[in-house]
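Trainee: structure, please.
(chains A and B)
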Amino acid sequence: MSLPLAAESLSAASTSGALLDLSAVVMLLAAFACLGSKLFDRYVAYYALQSIVLSFAAGVVAFALHQPDLWALAVLTFLIKGVAIPFATRRFLLDRLELHRDVAISTGLSTSLIIGAFLTAFAYLAIRPHTLPHALVASAVVPLSTAIILLGGLTMVVRRHTIAQLIGWLILENGVFLGAITLTATFPFIVEAGIFLDLVAAVLIMITFVSGLAHRLATATAPELRELRH
Amino acid sequence: MTTLVVLVPVLPLLGALAPLTPLRARGLGLVLAAGGLGGFACAVAAAVHVAGHGTFETGSGFIYVDSLSSFFMLTVALVVVLASVGSIAYLRHEEQHDGLNLLQLRLYAAGFALFGGLMLASLETGNLGLLWVLIEASTLASAVLVGLEGKASSLEAAWKYIIVSSFGVTMALVATLFLYYASSPLALSPNQRLTWPALFLHAGALQHDSLRLAFLLGVIGYGTKVGLAPMHTWLPDAHSEAPSPASAMLSAALLNTGMYAIVRFQAVATPELGRYTNHVLLVFGFASIAIGALFMVRRGNFKRLFAYSSVEHMGIISVALGFGGVLGVYGALLHTLNHAIGKSVLFLTSGEVVQRWRTRDAGRVAGVLTRAPLVGGILLLGSLAILGSPPFGLFLSEFTIVRAGFRGSSWLAFLLLALLVLAFVGFARTTADMATGEPAPVDANAERQSVVAALPLVAGLAALLLLGVWIPGGLNSLIMHSIGAIT
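Mentor: Purely as a prediction, here's the structure:
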């Protein structure tokens, strides 16, 4: 396998590479924390933390590789994912609908954490050996970001509450962007992709708010959703 | 030519400005229809140009129209025309019966225009990143239509639609990233590494492992839009909750747009991965046909029935691509066009039935033939057409696909035939019961058949009949050139 161009990815030995690696670990921990929590407030807090770390990581890559796109991504991530989405979720969904404790969990917390651990191991086994050159920080971070994607997906599966599923999807998205900035820093559509996925999040928050679906689901869950299925 | 290509999506998009004017239902509907017709005319002209002068490319691949794109553009533009003419009748009916308020009518017009225009735009770009952005944007526009009626069930369907298809679209983004990474050994600029013609030219030199991931994730990601099982779960809810012209757009245009992306991914991946791509598509295709056929046996909401039929047909197209070869791809493309017309007709017909009976439950609808002969007749004939009976177009395309199957392993072709028979029985049982039987007592404000509402139904059915007995030379060569563009 030929080594990608220097502008593509950071080397594992550099300071920036180490910082990126560290950020990825913190983001994975935040995803686990979210999976292991039962309070809506915490979900939002962990997500905000994860997003801010992501924006820091984007900044590190932007600085090291001189990518103006990634500076834009870092700023947007901080403002929208780190501040605006958590704020809107708290203010419009959690406070208005008086949501505190998530009871709509299909799998116990410890079971989901164990599944999460297996998924993380799987991410390493699936990604590490053959796709990535070892000299690059990508060989450490891409498995981590894959694990974050899988954990986000797991959150969407084991939680039935719309807000928890929303957070799960947002975590998954963070994982995608972490992988994107590590592996393909020159990807031309990174900022546009970020903006459009943020729009999706905004629409989802709006729908949840408008329909009051969240409130209904906080008390009764799956059986009511079956209504649609006939 | 640039103007022409730009006009194809822009004319339908102009309808999004109509809500800013004081126009009411009738005016909004007419603007949408005018935009749709204009877009279709431009798409035809563009296809003729491509047929004469070959592939058109400008703006370093951001605008790229080859035979395959113009084929899909024609299909989608035709659906937009049928659905927008259907919207005229729908909007007027809703206004007269206070089904939707003025804000909702305007939202409908804006959502419809954006949805149609963005889908057409996504077919015109050679840049896979831009393709992703446009498909994602059209998802957002269509979500407005799904949730339009504002009932708990339609909002829930919209939520499910967005979250499931955004999950899919995120996977498609990862696929695009891996495809981009797979091209890192090539000496190309970042934009070229996402541009289809450049990728296709160097398809044999892409990194094997990343490409395999990219293809698999691409089929899963865009397959979520297409409604391939097991990613189809959003589809029945969204199709049954959306207003009927919007259901027609979802089923006949959006699914095809997703399929277009899969065809592009397959073409890039095949030189390096070989038969692997065919096997993946066969697995997802058969899963979809089986799920679609099994759920069709169940009686209930007839719009859900049509939605499951879409899952089945997308499965058939995927299987056809999986069979591969000239015959398989020919069948797949022809089937795309036929299914698009047939399903538009059926969903618009279902809208007529919903307006008269005020229910989506097939068990409570009977005697459509007696009470509204035209709608009933089209419901019956349209069902026969969509199930692949001769002399309609779908018979010809399904026949081609089965023949392509027999060239490979005949047991797969037999499996396909068996599933088609199952689907036939399940589907026809419900629609035949709806069309025949004793009609319920007529309620006070029974409606007369409006000419505008009947127009797309009759035109679509006539087109299907025509395609069943005769494939125009221009269409044939367009399909053959499309096959040439991806092999």
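
Trainee: ok, residue B:198 to residue A:18 distance?
Mentor: Counting by Cβ to Cβ, to the nearest Å, the separation of residue B:198 from residue A:18 is 35 Å. Where you see a C-beta, it was placed from the backbone N, CA and C, and this is true even at glycine.

Trainee: okay, these two: which has more neighbours?
Mentor: Ranked by neighbour count (other Cβ atoms under 10 Å in any protein chain shown), residue B:198 and residue A:18 place residue B:198 first, with 19 against 15.

Trainee: contacts for the strand or helix carrying that one?
Mentor: According to DSSP states H and E, residue B:198 maps onto helix B:196-201. Residues outside helix B:196-201 that contact it (Cβ atoms under 8 Å, 6 or more residues apart in numbering or on different chains): B:55, B:57, B:61, B:64, B:126-128, B:179, B:183, B:188, B:192-193, B:206, B:264, B:267-268, B:486.

Trainee: repeat that with 7 Å
Mentor: Residues outside helix B:196-201 that contact it (Cβ atoms under 7 Å, 6 or more residues apart in numbering or on different chains) are B:57, B:61, B:64, B:126, B:128, B:183, B:188, B:192, B:264, B:267, B:268.

Trainee: need those residues in JSON lines (columns: secondary structure and distance to residue B:349).
Mentor: Compiled in JSON lines, these are given as follows (DSSP: H, G, I helix; E, B strand; the rest coil; distance: Cβ to Cβ, whole Å):
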{"residue": "B:57", "secondary structure": "strand", "distance to residue B:349": "40"}
{"residue": "B:61", "secondary structure": "coil", "distance to residue B:349": "41"}
{"residue": "B:64", "secondary structure": "strand", "distance to residue B:349": "36"}
{"residue": "B:126", "secondary structure": "coil", "distance to residue B:349": "37"}
{"residue": "B:128", "secondary structure": "helix", "distance to residue B:349": "37"}
{"residue": "B:183", "secondary structure": "coil", "distance to residue B:349": "46"}
{"residue": "B:188", "secondary structure": "coil", "distance to residue B:349": "49"}
{"residue": "B:192", "secondary structure": "helix", "distance to residue B:349": "47"}
{"residue": "B:264", "secondary structure": "helix", "distance to residue B:349": "33"}
{"residue": "B:267", "secondary structure": "helix", "distance to residue B:349": "35"}
{"residue": "B:268", "secondary structure": "helix", "distance to residue B:349": "39"}
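
Trainee: now do the end-to-end distance for stretch B:48-59.
Mentor: In stretch B:48-59, first residue to last residue: 21 Å (Cα to Cα, to the nearest Å).

Trainee: mind showing which ranges of chain A have poor pLDDT?
Mentor: A:1-9, A:128-135, A:211-230 (pLDDT under 70).

Trainee: for it, give the residue positioned nearest to chain B.
Mentor: The nearest approach of chain A to chain B comes at residue A:189, 3.4 Å away (Cβ to the nearest Cβ).

Trainee: one step back: off-centre distance for the helix holding residue B:198?
Mentor: Computed by Cα atoms, centre = their mean, to the nearest Å, the chain-centroid distance of helix B:196-201 equals 25 Å.

Trainee: repeat that for stretch B:167-182.
Mentor: Worked out by Cα atoms, centre = their mean, stretch B:167-182 lies 22 Å from the chain centre.

Trainee: same question for stretch B:264-271.
Mentor: That offset, for stretch B:264-271, works out to 21 Å (Cα atoms, centre = their mean).

Trainee: let me know whether residue B:281 touches residue B:316 as I believe.
Mentor: No: at 11.4 Å, residue B:281 does not count as touching residue B:316 under the criterion of Cβ atoms under 7 Å.

Trainee: just the contacts of helix B:196-201 now: which is nearest chain A?
Mentor: Each of the contacts of helix B:196-201 was scored against chain A by Cβ to the nearest Cβ, and residue B:128 proved nearest at 8.8 Å.

Trainee: and the closest one, what does it touch?
Mentor: Contacts of residue B:128 were listed using Cβ under 7 Å, 6+ apart, and they are B:176, B:179, B:194, B:196.

Trainee: and the helix of greatest length in chain A, what does it pack onto?
Mentor: Under DSSP state H, the helix in chain A containing the largest number of residues is helix A:40-65. Judged by 3 or more Cβ pairs under 7 Å, 6 or more residues apart in numbering or on different chains; DSSP states H and E, the packing partners of helix A:40-65 are helix A:15-35, helix A:68-76, helix A:85-88, helix A:162-183.

Trainee: which parts of it are buried?
Mentor: Residues of helix A:40-65 classed as buried by neighbour count (16 or more other Cβ atoms under 10 Å in any protein chain shown): A:40, A:43-62, A:64-65.

Trainee: what's the angle between that helix and helix A:68-76?
Mentor: Here the directions of helix A:40-65 and helix A:68-76 differ by 160 degrees (axes from the mean of the first three to the mean of the last three Cα atoms, to 10 degrees).

Trainee: need the pLDDT of the closest residue to chain A within the stretch 151-300 of chain B.
Mentor: For the stretch 151-300 of chain B and chain A, the shortest gap (Cβ to the nearest Cβ) falls at residue B:155, measuring 4.0 Å. As predicted, residue B:155 sits at a pLDDT of 84.

Trainee: wait, doesn't it sit right on residue B:147?
Mentor: Yes: counting by Cβ under 7 Å, residue B:155 sits close enough to residue B:147 to count as a contact (5.1 Å).

Trainee: which one of those two has more residues nearby?
Mentor: It is residue B:147, of residue B:155 and residue B:147, that has more neighbours when counted by other Cβ under 10 Å, with 28 against 21.

Trainee: contacting residues for that one?
Mentor: By Cβ under 7 Å, 6+ apart, the contact set of residue B:147 is A:207, B:154, B:155, B:158.

Trainee: quick check: nearest residue in space to it, chain neighbours excluded?
Mentor: Spatial nearest neighbour of residue B:147, chain neighbours left out: residue B:158 (3.2 Å); criterion: Cβ to Cβ, 6 or more residues apart in numbering or on different chains.

Trainee: which element is the one you found on?
Mentor: Take DSSP H and E as the rule and residue B:158 turns out to sit in helix B:152-182.

Trainee: so which bits of that helix are buried?
Mentor: Neighbour counts over helix B:152-182 (16+ other Cβ under 10 Å) mark B:154-182 as buried.

Trainee: please apply the same query to stretch B:26-34.
Mentor: For stretch B:26-34, burial by neighbour count (16+ other Cβ under 10 Å) applies to B:28, B:29, B:30, B:31, B:32, B:33, B:34.

Trainee: give me the contacts around that stretch.
Mentor: Outside of stretch B:26-34, the residues within contact range by Cβ under 7 Å, 6+ apart are B:15, B:18, B:23, B:84-85, B:87-88, B:91-92, B:105, B:109, B:112-113.

Trainee: thinking again about what came up before, quick one, what contacts the residue nearest to residue B:147?
Mentor: Counting by Cβ under 7 Å, 6+ apart, residue B:158 has contacts A:207, B:143, B:146, B:147.
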